[in-house]
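> from the sequence below, what's the structure:
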Amino acid sequence: MIGIVPLLISTSLSNFPGEGRESIVRETTKAIWNRFVRWPQVVRIQRKRRILKQRLKVPPALNQFTKTLDKNLATTLFKMLLKYRPEDKAAKKERLLKRAQAESEGKTVEAKKPIVVKYGLNHITYLIE
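Numbering: from 1, shown residues only. Now for the predicted structure:
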């Protein structure tokens, strides 16, 4: 009896009614539990962003900002934008001091603020509105 193991389970394939149903139930419950998994925040944000992009129509003026520049073009752009950088406190104080001295001497001075690039999401939307 050492080499003989009795077969406790028959190996013949049987076709019981409802046999295929178990695999369907197993797959559907797996799909249901898959929905209730707490996904990482990165995955959730990526999925929400993808759904928003599918559902929303973005105007071309804003859609141009979804594509990034290559490095060469970005460096030339930043070099150009350095000219339109906001003035620091010392430069503003000096400009206002010169204006005050000119007004005290009786000269009429046009108040010319330097041209600067506006930035910031809230500030830009305020300027557009």
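> and the gap between the residue nearest to the spatial centre of the chain and Val43?
The residue lying closest to the centre of the chain (Cα atoms, centre = their mean) is Arg49, at 7.3 Å. As for Arg49, its distance to Val43 is 11 Å (criterion: Cβ to Cβ, to the nearest Å). No exception for glycine: its C-beta is placed from N, CA and C like everyone else's.
> got it, and Asn63?
Spatial separation of Asn63 from Val43 under the definition Cβ to Cβ is 25 Å.
> any stretches of the protein with poor pLDDT?
Flagging of the chain using pLDDT under 70 yields the residue ranges 1-35.
> just the helices in it please.
19-35, 41-55, 60-63, 71-81, 89-105, 121-128 (DSSP state H).
> now render those helices as JSON lines, adding distance to Lys112.
Output for these, formatted as JSON lines (distance: least, Cβ to Cβ, whole Å):
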{"stretch": "helix 19-35", "distance to Lys112": "61"}
{"stretch": "helix 41-55", "distance to Lys112": "43"}
{"stretch": "helix 60-63", "distance to Lys112": "29"}
{"stretch": "helix 71-81", "distance to Lys112": "20"}
{"stretch": "helix 89-105", "distance to Lys112": "9"}
{"stretch": "helix 121-128", "distance to Lys112": "19"}
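> of the ones you listed, which is nearest Lys113?
Between Lys113 and the helices of the chain, the shortest gap by Cβ to Cβ is with helix 89-105, which sits at 8.5 Å.
> which residues sit against that closest one?
Helix 89-105 is contacted by residues Glu87, Val109, Ala111, Pro114 when judged by Cβ atoms under 8 Å, 6 or more residues apart in numbering.
> contact partners for the first one?
With contacts defined as Cβ under 8 Å, 6+ apart, Glu87 is in contact with Arg95, Pro114, Val116.
> great, nothing more from me.
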